[in-house]
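**Q** need a structure here:
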Amino acid sequence: MRCATLGLMASFPLHTIASAPSGAKPFLALAQRLFKRAPNLAATLAESASAIEAYFALDGFFARSELSENERKVVLLAASIEQECHYCTAFHLAAARQAGLAEAAILALQEGTELEDARQEALRAFTIAIVRRRGVDCTAEADGVLRQGFSRAALLDVMLGVALEVFANYVNHIAETPVDDWLAPVATSEAP
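**A** The predicted structure follows:
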């Protein structure tokens, strides 16, 4: 269930470097360097210098976790789909395809079915449990991750990825961030 847009809430602008508050400008410039354009999420987050800085900090910490790139994609995509975030689901579908995550894994994530790769499935199940149960009574799924050879640090890394997605997903729900035109073809089955 999504929150209804409040009648008094003004639309969130999609900032450019010129229109962003001064503290947000360096982060929008970073987004442009990373993606050759500022994704709409970054343009929305730029309304608050603290918010965009926090997003990039969390993203950077998650990128340095012990999870592989494809394992991180599984966590981010599973959380976005579970939280029904239109923007992050499209973004992470595109990123997963560009990172080379198997199309069968992407399809399973979209359908909410078990992944063939046991390690990725353990991460998916733990991520979904965290999101659905807000971290309460997730022992069985955490044990499943550990049985796949991940460390306890990896459990914390998954939770870091979920926190990153909760922040981004909630921003997108409230701001109704439009999906970037350049994401549409990559997010569909038309893999690059």
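**Q** list the contacts for the nearest residue to residue 51 once chain neighbours are set aside?
**A** Among residues not flanking residue 51 along the chain, residue 45 sits closest, at 4.9 Å (Cβ to Cβ, 6 or more residues apart in numbering). Every residue, glycine included, has its C-beta placed from N, CA and C. Contacts for residue 45 (Cβ atoms under 8 Å, 6 or more residues apart in numbering) come out as 24, 27, 51, 52, 55, 171.
**Q** check the gap between residue 45 and residue 179 for me.
**A** Per Cβ to Cβ, to the nearest Å, residue 45 is found 15 Å from residue 179.
**Q** could you do residue 56 as well?
**A** Distance, residue 56 to residue 179, by Cβ to Cβ: 20 Å.
**Q** with residue 82 instead?
**A** 18 Å.
**Q** how about residue 91?
**A** Distance from residue 91 to residue 179, by Cβ to Cβ: 8 Å.
**Q** so between those two, which is more surrounded?
**A** residue 91 (26 against 19; other Cβ atoms under 10 Å).
**Q** for the more buried one, what are its contacts?
**A** Residue 91 makes contact with 39, 41, 80, 179, 180, 183, 187 under the criterion Cβ under 8 Å, 6+ apart.
**Q** switch to 10 Å and redo it
**A** 35, 39-41, 76-77, 80, 85, 168, 172, 177, 179-180, 183, 186-187 (Cβ atoms under 10 Å, 6 or more residues apart in numbering).
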